[in-house]
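J.: Kindly return the folded structure for what I paste below:
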Amino acid sequence: MASTETTTPAKDAGDLAGLEAGLDALETRQKTRIPFRQTFVEKILPPAVAVLLVLAIWQALVSFKIVDDPNRLPAPSAVWDVVHQAWLEGELLGYIWTSVSRGLSGFLLALVIGTPLGLLVARVKVVRAAIGPILSGLQSLPSVAWVPPAVIWLGLNNSMMYAVILLGAVPSIANGLVSGVDQVSPLFLRAGRTLGATGLKGTWHIVLPAALPGYVAGLKQGWAFSWRSLMAAEIIASFPDLGVGLGQLLENGRNASDMAMVFEAILLILIVGIAIDLLIFSPLERWVLRSRGLLATY
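T.: This is a model prediction of the structure:
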């Protein structure tokens with residue numbers, strides 16, 4: 001009997017140690033280096049093949065004269081010649097920088113305004129009842145609708161551009177944060193209050209980290225609205241003192257009936273949008289998912 005009593009605690013201790021080792025193994029992230037061949041096949045090759053397929057179809061439409069009017073559909077080589085000429089003249093980077101600098105500056109300003117506004121709407125019932133429907137309505141309103149009143153109020157200047165960006169991006173950022181806060185588990189809030197995290201401390205240490213996935217989704221959508229709002233403003237409200245951005249380049253191509261320039265502007269707008277997403281928002285989204293164990297790292 002004594003032997004059984006002495007071996008049972010030892011067995012329990014061994015089982016507990018094994019359980020802890022298993023949990024540690026599950027929680028340990030195996031940071032193995034992914035081979036370049038696997039990265040190339042899974043992430044680089046598919047979009048490259050898709051781009052080549054689009055170019056092949058585009059060239060086929062021109063070569064087989066399915067669309068035989070260059071004023072309607074220029075050849076890829078014609079678009080490339082326009083892009084190359086703009087590069088040689090030193091204007092290409094100027095087009096891109098004019099729009100990107102405005103877009104990022106307006107987005108950062110929208111972030112500063114939309115984040116506290118979203119927290120206020122999410123945490124104060126009276127404010128939500130008063131402002132929540134307005135934010136949803138503003139989010140569904142096309143950005144181009146704000147260009148005429150912004151021009152009348154502020155004139156043809158950069159302030160008008162930023163106003164249009166803010167009116168397009170702030171509702172998306174605020175609504176994204178509200179959605180993220182609504183999905184925070186009440187258990188987190190109660191645990192935070194038990195530990196003394198109330199008020200601003202609870203918002204900073206409990207609410208914002210827990211609402212991060214929804215907030216990041218709102219930021220991503222807010223950037224999309226910022227970029228589209230800026231393009232609409234540059235196309236409609238053109239003025240020499242504002243410089244030539246990508247939207248103005250698109251409008252210049254339309255005025256000159258130069259489809260190669262039009263396609264140049266469209267491709268540059270698309271490339272910039274994809275680049276911002278790949279360089280900023282996709283890594284941020286992966287970090288948020290990985291920090292919550294929602295993204296495999298091995």
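
J.: Counting neighbours, what do you get for residue 155?
T.: Residue 155 is flanked by 11 other residues according to other C-beta atoms under 10 Å. Glycine gets a C-beta too; all of them are placed from N, C-alpha and C.

J.: Name the SS class of residue 68, please.
T.: coil (DSSP: H, G, I helix; E, B strand; the rest coil).

J.: Quick one, grab the pLDDT at it.
T.: Residue 68 is assigned a pLDDT of 78 by the prediction.

J.: Next: residue 31.
T.: 52.

J.: Likewise for residue 18?
T.: So, for residue 18, pLDDT stands at 55.

J.: now residue 173
T.: At residue 173, pLDDT is 93.

J.: For the stretch 101-250 of the chain, just list every one of the helices.
T.: 125-140, 147-154, 158-182, 186-194, 199-202, 208-210, 212-236, 246-255 (DSSP state H, counting those that start in this stretch).

J.: okay, those in a markdown table with mean neighbour count and distance to residue 274 next?
T.: Output for the helices of the stretch 101-250 of the chain, formatted as a markdown table (neighbours: other C-beta atoms under 10 Å; distance: least, C-beta to C-beta, whole Å):
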| stretch | mean neighbour count | distance to residue 274 |
| --- | --- | --- |
| helix 125-140 | 13 | 23 |
| helix 147-154 | 16 | 25 |
| helix 158-182 | 24 | 18 |
| helix 186-194 | 12 | 35 |
| helix 199-202 | 12 | 38 |
| helix 208-210 | 17 | 29 |
| helix 212-236 | 23 | 11 |
| helix 246-255 | 20 | 13 |
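
J.: Using JSON lines, lay out the ones you listed together with distance to residue 102.
T.: Formatted as JSON lines, the helices of the stretch 101-250 of the chain follow (distance: least, C-beta to C-beta, whole Å):
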{"stretch": "helix 125-140", "distance to residue 102": "20"}
{"stretch": "helix 147-154", "distance to residue 102": "14"}
{"stretch": "helix 158-182", "distance to residue 102": "6"}
{"stretch": "helix 186-194", "distance to residue 102": "38"}
{"stretch": "helix 199-202", "distance to residue 102": "33"}
{"stretch": "helix 208-210", "distance to residue 102": "28"}
{"stretch": "helix 212-236", "distance to residue 102": "6"}
{"stretch": "helix 246-255", "distance to residue 102": "10"}
